[in-house]
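**Q** Have a look at this prediction, sequence included:
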Amino acid sequence: MYLYLREENQFEVVPKPLLKRFGTPVLVMELELHPQRQLAREDVESVVNNLQTQGFHLQMPPEIRPDLYLGD
């Protein structure tokens, strides 16, 4: 799970139940986001929109499909 913030350490914009479930945040990197930047698993326009409107964006891990790992 990744939590993008519009401003560093601006956790007051994140709903308290989400922060509680998220756990202790650790700064991983700072990014400059713009329409030409590609993100591995997120649409940059959605991330930017959420940052502008909510102040944060939550990136969930990809869906895990056990059948892919079991060979079914």
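**A** On my side now, so go ahead. Keep in mind the model is a prediction, meaning the values are calculated, not measured.

**Q** can you pull out the strands in this structure?
**A** Using DSSP state E, the strands of the chain run over 2-5, 56-59.

**Q** just those strands: most buried one?
**A** Stretch with highest mean neighbour count among the strands of the chain: strand 56-59 (a mean of 18; mean count of other Cβ atoms under 10 Å). Every residue, glycine included, has its C-beta placed from N, CA and C.

**Q** What is the least confident helix or strand in this structure?
**A** Every helix and strand in the chain was compared by mean pLDDT, DSSP states H and E; the lowest is helix 66-70, with a mean of 64.

**Q** circling back: possible to save the strands of the chain as JSON lines with mean pLDDT and distance to Leu27?
**A** Shown next, in JSON lines, are the strands of the chain (pLDDT from 0 to 100; distance: least, Cβ to Cβ, whole Å):
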{"stretch": "strand 2-5", "mean pLDDT": "94", "distance to Leu27": "9"}
{"stretch": "strand 56-59", "mean pLDDT": "94", "distance to Leu27": "14"}
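
**Q** Reformat those strands as JSON lines; add distance to Gln38.
**A** Shown next, in JSON lines, are those (distance: least, Cβ to Cβ, whole Å):
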{"stretch": "strand 2-5", "distance to Gln38": "15"}
{"stretch": "strand 56-59", "distance to Gln38": "14"}
